[in-house]
Structure formats: C-alpha cells, structure tokens
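K.L.:
Return atomic coordinates for the entry below.
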Amino acid sequence: MTDDPNKPQSPWKLNSSRVVLLVLGVLILIYVASALLGGLGNYQQLKEAAQGAKSVEAPSTTTP
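P.N.:
Just a heads-up that it's a prediction; the model follows:
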C-alpha cells in the first residue's frame, strides 16, 4: 500500500503545522483563563499588601 501524493491529508491527522497551532491555541486559552480570573489584579493586591506590611514593620523595629 503506497500513499498517493495527490490524495489530500485527513483533517484529523497531526502534522507539524497543526501541532504548532494546537500549542498556540492552548497558550491563548491559558492566557484568557488567567485574565478572567484576575491574574494581574491579584498580583497588584499582593504587591500592595506586602508594601503595607513592610511599612507597618518599619516603625516597630526602630523603637527600642
């Protein structure tokens, strides 16, 4: 059984270009899910909380 070069590929057969598109699609889905869950907003809140904790700790450590 030889493959006919004129025969079109199956739409479900994976080749290198389809694998790249699949990986890029997965990355986009991860990015969208992260954005919907407030990824950068949560990071900003965490950063502000850490800065607030540092400012609260600073006066207490300098007082004898």
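K.L.:
quick one: buried residues of the helix or strand containing Lys54?
P.N.:
Following DSSP states H and E, one finds Lys54 within helix 39-62. Buried positions in helix 39-62, judged by neighbour count with 16 or more other CB atoms under 10 Å: none. For every residue, glycine as well, the C-beta is placed using N, CA and C.
K.L.:
Now do it: distance to the chain's middle.
P.N.:
Helix 39-62 sits 25 Å away from the centroid of its parent chain (CA atoms, centre = their mean, to the nearest Å).
K.L.:
Just the C-alpha atoms of stretch 27-39, please, in CSV.
P.N.:
Extracted C-alpha coordinates of stretch 27-39, given in CSV (Å, rounded to 0.1, in the frame of the first residue of the first chain):
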residue,chain,number,x,y,z
LEU,A,27,-1.4,29.1,25.3
ILE,A,28,-4.2,31.5,24.3
LEU,A,29,-6.7,29.6,26.4
ILE,A,30,-4.4,29.7,29.4
TYR,A,31,-3.9,33.5,28.9
VAL,A,32,-7.6,34.1,28.7
ALA,A,33,-8.4,32.0,31.7
SER,A,34,-5.8,33.8,33.7
ALA,A,35,-7.1,37.2,32.7
LEU,A,36,-10.7,36.2,33.6
LEU,A,37,-9.6,35.0,37.0
GLY,A,38,-7.9,38.4,37.7
GLY,A,39,-4.3,37.3,37.4
